[in-house]
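Undergrad: just coords:
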């Protein structure tokens, strides 16, 4: 149990050998969920995108493929994740279409009002205060910009709640909690979708 707990705890901030294993697994393990989330982006054509908590960089790459004219800034506070995301998106970085940065979502050191789209896949579980962090996201979005959150847990499923007890600092949020925090942080026109057969959720909010 000790090794398992140490491994799954790497979800929060991957570090060292176990962290590298975790990040390698993230790219493949969450791909279907992330793609389902991105399928909700039907009516926007963002030029500047920021992927917050980018993990291994797979979703940043998927956004680059989905929006060929875009530039993606991928951000994570784990040095291991930044290294993996940089390697995964090396071609796009060389082409000037992608930048990978280390940073903290509770104090975003990004240009204000720059981004058309902000994404957060499987990461807000670990954000230190939703309203505070959501306000940081709102700050870097353009007026009318979109913030998309995609989670594997809806805050009520048994698996998510099991890991919440194992992983220090993890909190599985319900759609209602996420929507309330978004509105308190200044977002409007919040809408959500729950997968028909899984506890996956997508929440979209416009600044």
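TA: Yes, it's here. These numbers come from a predicted model, not from an experiment.

Undergrad: ranges for the strands of this protein?
TA: Assigned by DSSP state E, the strands in the chain fall at 48-52, 71-76, 98-102, 115-121, 141-151, 188-194, 201-206.

Undergrad: make TSV from those strands and add distance to residue 165, mean pLDDT and mean neighbour count to it.
TA: Any C-beta I mention is one placed from the backbone N, CA and C, and that applies to glycine too. Output for the strands of the chain, formatted as TSV (distance: least, Cβ to Cβ, whole Å; pLDDT from 0 to 100; neighbours: other Cβ atoms under 10 Å):
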stretch	distance to residue 165	mean pLDDT	mean neighbour count
strand 48-52	25	98	25
strand 71-76	24	98	25
strand 98-102	29	97	19
strand 115-121	22	98	25
strand 141-151	17	98	21
strand 188-194	23	95	14
strand 201-206	20	98	22
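
Undergrad: now the ones you listed as a markdown table including distance to residue 87?
TA: Shown next, in a markdown table, are the strands of the chain (distance: least, Cβ to Cβ, whole Å):
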| stretch | distance to residue 87 |
| --- | --- |
| strand 48-52 | 16 |
| strand 71-76 | 12 |
| strand 98-102 | 9 |
| strand 115-121 | 18 |
| strand 141-151 | 23 |
| strand 188-194 | 32 |
| strand 201-206 | 28 |
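
Undergrad: with respect to residue 170, which of these lies nearest?
TA: Nearest of the strands of the chain to residue 170, taken as Cβ to Cβ: strand 141-151 at 11.6 Å.

Undergrad: can you spell out which residues form a bridge with residue 117?
TA: For residue 117, the beta-bridge partners under DSSP bridges are residue 49, residue 146.

Undergrad: how close does it get to residue 163?
TA: Separation of residue 117 from residue 163 (Cβ to Cβ, to the nearest Å) stands at 28 Å.

Undergrad: figure out the length between the terminal residues of stretch 60-77.
TA: 15 Å (Cα to Cα, to the nearest Å).

Undergrad: contacts for it next, please.
TA: Stretch 60-77 has contacts (Cβ atoms under 8 Å, 6 or more residues apart in numbering) with 13, 34-35, 38, 41, 45-55, 57, 82, 85, 88-89, 92, 96-105, 108, 110, 115, 117, 119.

Undergrad: redo that, cut-off 7 Å
TA: Stretch 60-77 is contacted by residues 13, 34-35, 38, 45-55, 57, 82, 85, 88-89, 92, 97-104, 119 when judged by Cβ atoms under 7 Å, 6 or more residues apart in numbering.

Undergrad: same check, this time on stretch 199-207
TA: 33, 36-37, 40, 138, 141, 143-154, 157, 160, 175, 178-179, 182, 187-194.

Undergrad: ok, residue 170 - contacts?
TA: Contacts of residue 170 by Cβ under 7 Å, 6+ apart are 12, 125, 126, 163, 164.

Undergrad: how about residue 153?
TA: 160, 172, 199.

Undergrad: count the neighbours of the closest residue to it other than its chain neighbours for me.
TA: Closest residue to residue 153 apart from its sequence neighbours, by Cβ to Cβ, 6 or more residues apart in numbering: residue 160 at 2.8 Å. If you count neighbours by other Cβ atoms under 10 Å, residue 160 ends up with 19.
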